[in-house]
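In: output the structure for:
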Amino acid sequence: MRQALAQGEAAASAAASTPGAASACTPLPGAPVNESGNASGAVHPIVVKGVTKRFGDLQALGGVDLTIAQGDFFALLGPNGAGKTTLISIIAGLARADSGRVSVMGHDVVTDYLRARTSLGVVPQELVFDPFFTVRETLQISAGYYGVRRADDWIDEVLDGLGLTDKANANMRALSGGMKRRVMVAQALIHRPPVIVLDEPTAGVDIELRQSLWAFVRRLNRDGHTIVLTTHYLEEAQTLCNRVAVMKAGHIVALDDTEALLTRFSTRALVLRLSGGSLPEALQARRLPDPVGQSAEAGQPGLSHQPGEAGQPGLSGQREQVAQAGQGAHAGATGQAGDAGQPGLATWPADGRIRLALDDYADIGPMLAAIQATGATILDMEIAHADLEDVFLRLMREG
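Out: Numbers count the residues shown, from 1 in each chain. Just a heads-up that it's a prediction; the model follows:
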């Protein structure tokens, strides 16, 4: 242990004499001189230009272009195998792109790798730790590697912010998986980098850790640090991030402000729980399938944004049909769910819950009248709005 601590101190002394090290290790270097992160106003925290990467026959990245602005809380989303971790590995200097260029705080990750790496803190997916040291010793050694001297006060603050204070003197081997992940987050923050990359930091951890972690990271973001987050918990990304990129098969298929992305892909849905009756033909084109992996019984309807089954028309321009259904349904449609011989009438799923695309609130009255005219009883009703999960699912379904 003494030898490792001595190595950390030696690294600190060496880094202190390295040009540019002082600026990387000064407290809160992420609090920028101006919006671009430097005095010239020309540098973005992360710039990716035309990056490609192939592993044998697999094209992991197919020409990625991405610019992340100073102070962003940025979400990088995508399914497993989309290329997120490969891109992060290239940004962090752990892998080299086949072509293209990447810079961190204006420093090329290949030609100026020392400054690029001291400007970046990365929390990887995998649990990586040294089993021979305590939590505090682990952080002291990490601080030494980055040239951070007299870091005890900051270590105490990080330990407190991540709920690790009572584990400071515990051996890493004795920690649970969630506690080990907290230590990894602390290691990424120990040199106060201006750019922090969190690669699925809350995977497999408890709710308490998530809340304390996000409170701490939000504070860092308010203090000027740029945060890049990958996560499969899309509600986290929607709540925390001001910008979102969605990757699929090594390409970025969507990139925008979070609210703009939700607006661009959003639609409202009228969610009904019904008993008896049937869905008139005029409303069938509005019917939305249940969201993938989401139980109707859970009471969280959500949206899937599909226009309907194959061959059905789109979701808009159907108010005239709805009005006609409302006016004429009383004349002939009185069948119950499951009745045979009633062409054009769709019945309810087992739980009686259906979702209908809603273009305008004025459509609600005619829609309800048309459904009630079939003999249906409305047991429950709500209006659901799109969320980031709906946008994600739609992008994954599209070519």
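
In: for the rest of this, base every contact and every neighbour count on C-alpha atoms.
Out: Fine.

In: and residue 242, how far from residue 255?
Out: Residue 242 is 11 Å from residue 255, where distance means C-alpha to C-alpha, to the nearest Å.

In: what's the answer for residue 175, then?
Out: Distance of residue 175 to residue 255, given as C-alpha to C-alpha: 38 Å.

In: what segments of the stretch 201-350 of the chain are helices?
Out: With DSSP state H, counting those that start in this stretch, the ranges of helices along the stretch 201-350 of the chain come out as 207-222, 234-240, 258-265, 281-284, 319-328.

In: highest mean neighbour count out of those helices?
Out: For those, the largest average neighbour count (mean count of other C-alpha atoms under 10 Å) is found in helix 281-284, namely a mean of 19.

In: can you spell out which helices and strands pack onto it?
Out: With contacts taken as 3 or more C-alpha pairs under 8 Å, 6 or more residues apart in numbering; DSSP states H and E, helix 281-284 sits against helix 319-328.

In: the same query, at a cut-off of 10 Å, please.
Out: With contacts taken as 3 or more C-alpha pairs under 10 Å, 6 or more residues apart in numbering; DSSP states H and E, helix 281-284 sits against helix 319-328, strand 353-358, helix 364-372.

In: just checking: what are the partner strands of the second one?
Out: Which is strand 353-358. strand 268-275 (antiparallel), strand 287-288 (antiparallel) (DSSP bridges).

In: got JSON lines for the ones you listed, with distance to residue 62 and mean neighbour count too?
Out: JSON lines is the format used below for the strands paired with strand 353-358 (distance: least, C-alpha to C-alpha, whole Å; neighbours: other C-alpha atoms under 10 Å):
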{"stretch": "strand 268-275", "distance to residue 62": "34", "mean neighbour count": "22"}
{"stretch": "strand 287-288", "distance to residue 62": "33", "mean neighbour count": "22"}
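
In: just put these in CSV and tack on distance to residue 375 and mean pLDDT.
Out: Rendered in CSV, the data for the strands paired with strand 353-358 read as follows (distance: least, C-alpha to C-alpha, whole Å; pLDDT from 0 to 100):
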stretch, distance to residue 375, mean pLDDT
strand 268-275, 9, 86
strand 287-288, 19, 82
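
In: what's the closest of these to residue 373?
Out: strand 268-275 (12.7 Å; C-alpha to C-alpha).

In: need the helix or strand of this protein with the lowest average pLDDT.
Out: Across the helices and strands of the chain, mean pLDDT, DSSP states H and E gives its lowest value to helix 21-25, namely a mean of 37.

In: downstream neighbour of that helix in the secondary structure list?
Out: strand 46-55 (DSSP states H and E).

In: and the helices in the stretch 51-200 of the chain?
Out: Counting by DSSP H, counting those that start in this stretch, one finds helices in the stretch 51-200 of the chain at the ranges 84-91, 113-118, 135-145, 152-161, 177-189.

In: just say which of the ones you listed is most tucked in.
Out: When these are compared using mean count of other C-alpha under 10 Å, helix 135-145 is most buried, at a mean of 24.

In: so where's the protein uncertain?
Out: Applying pLDDT under 70 to the chain flags the ranges 1-42, 266, 289-350, 399.

In: measure the one residue sitting closest to the centre of it to residue 243 for me?
Out: Centroid-nearest residue in the chain, with C-alpha atoms, centre = their mean: residue 237, separated by 3.6 Å. To residue 243, residue 237 is 9 Å away according to C-alpha to C-alpha.
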